[in-house]
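Chemist: I would like to see how this sequence folds:
(one chain, ligands or ions: 1)
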Amino acid sequence: MQINTNYDNLEQSYLFSTIARKVREYSASHPEADIIRLGIGDVTRPLVPAVIDALHAAVEDQAKQETFHGYGDEQGYDFLHEALVGYYKTHGVELATNEIFISDGAKSDLGNILDIFGKDNVVLVPDPVYPVYVDTNVMAGRKIIFADANEANGFLPLPDASVKCDIIYICSPNNPTGAAYDRAGLKAWVDYANAQNAVILYDAAYECFIEDENLPRSIYEIEGAKTCAIEFCSFSKMAGFTGTRCGWTVVPTALADGRLNKMWLRRQTTKFNGVPYIVQKGAAACFTEEGMKQIKDTLGYYKQNAKVLSATLDELGIWYTGGKSSPYLWLKCPNGMDSWTFFDYLLENANVVGTPGAGFGKNGDGFFRLTAFGDQKRTLEAAERLKKLLAK
Ligand code: PLP
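Modeler: Numbering: from 1, shown residues only. As a prediction, the model looks like this:
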């Protein structure tokens, strides 16, 4: 037996465990401290009533002989494919139902998709980055190169024609930076990918936060994307499904002459047995008129937090990306502090917890992530504390 020694090459991530330890230690020595957490990437609002009703109804279906559902198609039920085709139409994208694969969330598919690509592909990921893109490729032993995201390019790197690669990761709006590509930026990546026969793995998990009409919500809004891009998306942030689990992946039939679509179907039918009927019914309810309205209200709750935090940073004159069309704000640590020094400074002097940018890659050092997923009152309170502490 040989084990996969590529796992030895994974860098240990101490980011969230170190944050938890520091907060624990601080609380123990300052039991009176009222700590506000603006570091979380998880949602905090409950599922909306339309989804809850659909989940209940689906449970009842499972209780009756006539409506019971056993195994479904591995790639998902047509009622959810059709609802998603309708959703994409609202941003001007035409998809066929067989191009959409329902999953238990974007994270699994982002990892699993690598099954259909050869080991020798060179992978291009931005730095800083959602760590899943890097670690899944390290596990497979692929060569990874980085595209520098930094203050100069607004954390939205553009392709460098002299760099050759085969698999490109793009996340827009981005975690952790909150920055989102406009059409011209994404078009540059699509043209670059098509020119060198590369594939873009496009993570659209935060598309539901886009407010600006000029920002694409799907990569397929860009001409030429169907011949070079696979899109991953999720009900997690859109509808609070982080604990309920449902997402989808689009593999266009125009990509690699339909081969990747067929291979992904084959991969899923072999290794996956589908998302529960009950969960898919809940997910489909997001696209009813009532569901959409309710989801928008919940998203509006988080967007209000993002506005409060953006206004605070604007007032303080702190440079940042995100906050608009994104639940994340990525700020430059004041006074040249590195990410962890700023973390300690904020914890000790404002009792506010965020996420040090250094945890997302070398270019993240000197930056800091705040999130809009918290409670509105607590976010307002955190904003006041930031103003008090950081006003010049
Ligand atoms: N992609 C990005 C960029 C994320 O930040 C997250 C979760 O935080 C995911 C994917 C995972 O989404 P899911 O809950 O659908 O697995």
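Chemist: Spell out which parts of the stretch 101-250 of the chain neighbour the ligand.
Modeler: Residues of the stretch 101-250 of the chain found near the ligand (C-beta under 6 Å from any ligand atom) are G105, A106, K107, Y130, C171, N175, D203, A205, S234, S236, T242, G247. Placement of C-beta: from N, CA and C, glycine included.
Chemist: So which of the residues you listed sit within helices?
Modeler: Members of these lying in helices (criterion: DSSP state H): A106, K107, S236.
Chemist: Now for the first one, how many residues are close by?
Modeler: Read that as A106. The number of residues packed around A106, counting by other C-beta atoms under 10 Å, is 25.
Chemist: you'd agree it is up against R245?
Modeler: No: the criterion here is C-beta atoms under 8 Å, and A106 misses it with R245 at 10.3 Å.
Chemist: follow-up on the earlier one: just the residues of the stretch 101-250 of the chain next to the ligand now: which is nearest G41?
Modeler: N175 (6.9 Å; C-beta to C-beta).
Chemist: coming back round to it: please name the two of the residues of the stretch 101-250 of the chain next to the ligand that end up farthest apart in the structure.
Modeler: Spanning the widest gap among these are C171 and T242, at 16.8 Å by C-beta to C-beta.
Chemist: Mind listing what's buried along the lengthiest helix in the chain?
Modeler: Across the chain, the longest stretch assigned as helix under DSSP H is helix 289-316. By neighbour count on 16 or more other C-beta atoms under 10 Å, the buried set for helix 289-316 is 291-292, 294-295, 298-299, 301-303, 305-306, 308-310, 312-313, 316.
Chemist: about what we covered before: closest one of the residues of the stretch 101-250 of the chain next to the ligand to F368?
Modeler: Nearest member of those to F368, counting by C-beta to C-beta, is N175, at 14.0 Å.
Chemist: Need the per-residue pLDDT for the closest one.
Modeler: We note a pLDDT of 97 for N175 in this prediction.
Chemist: Next up, phi/psi of it, please.
Modeler: Main-chain torsions, N175, degrees, to the nearest 10: phi -110, psi 120.
Chemist: give me every residue that touches the residue nearest the centre of the chain.
Modeler: With distances taken as C-alpha atoms, centre = their mean, A205 lies nearest the centre of the chain, 3.9 Å away. Applying C-beta atoms under 8 Å, 6 or more residues apart in numbering, we find A205 in contact with A106, C171, N175, F232, C233, S234, S236, K237, G247.
Chemist: returning to that earlier point: now the longest helix of the chain, how far from the centre of its chain.
Modeler: Counting by C-alpha atoms, centre = their mean, to the nearest Å, helix 289-316 is centred 17 Å from the centre of its parent chain.
Chemist: ok, now stretch 351-370?
Modeler: Mean C-alpha position of stretch 351-370 versus that of the full chain (C-alpha atoms, centre = their mean) differs by 17 Å.
Chemist: Now it: buried residues?
Modeler: 351-361, 363-370.
Chemist: Now distance to I167 and pLDDT too, for the ones in helices among the residues of the stretch 101-250 of the chain next to the ligand, in a markdown table please.
Modeler: Shown next, in a markdown table, are these (distance: C-beta to C-beta, whole Å; pLDDT from 0 to 100):
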| residue | distance to I167 | pLDDT |
| --- | --- | --- |
| A106 | 16 | 97 |
| K107 | 17 | 96 |
| S236 | 23 | 98 |
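Chemist: wait, which of those is closest to F16?
Modeler: Nearest member of these to F16, counting by C-beta to C-beta, is K107, at 15.0 Å.
Chemist: For the closest one, which non-adjacent residue is spatially closest?
Modeler: In space, and not counting its chain neighbours, K107 is closest to V132: 5.9 Å by C-beta to C-beta, 6 or more residues apart in numbering.
Chemist: average pLDDT for whatever helix or strand K388 lives in?
Modeler: Assessed by DSSP states H and E, K388 sits inside helix 376-390. If you average the pLDDT over helix 376-390, you get 97.
Chemist: Any buried residues in it, and which?
Modeler: R378, T379, L380, E381, A382, A383, R385, L386, L390.
Chemist: Which residue ranges of the stretch 1-150 of the chain form helices?
Modeler: Along the stretch 1-150 of the chain, counting by DSSP state H, counting those that start in this stretch, helices occupy 15-29, 49-63, 78-90, 106-112, 131-140.
Chemist: how far away is the residue nearest to K107 from Y169?
Modeler: To Y169, V132 is 9 Å away according to C-beta to C-beta, to the nearest Å.
Chemist: the more surrounded of these two?
Modeler: Y169 (22 against 17).
Chemist: bridging residues for that one?
Modeler: L201 (DSSP bridges).
Chemist: Wait, it touches D203, no?
Modeler: Yes: taking contacts as C-beta under 8 Å, Y169 lies within contact range of D203: 7.1 Å.
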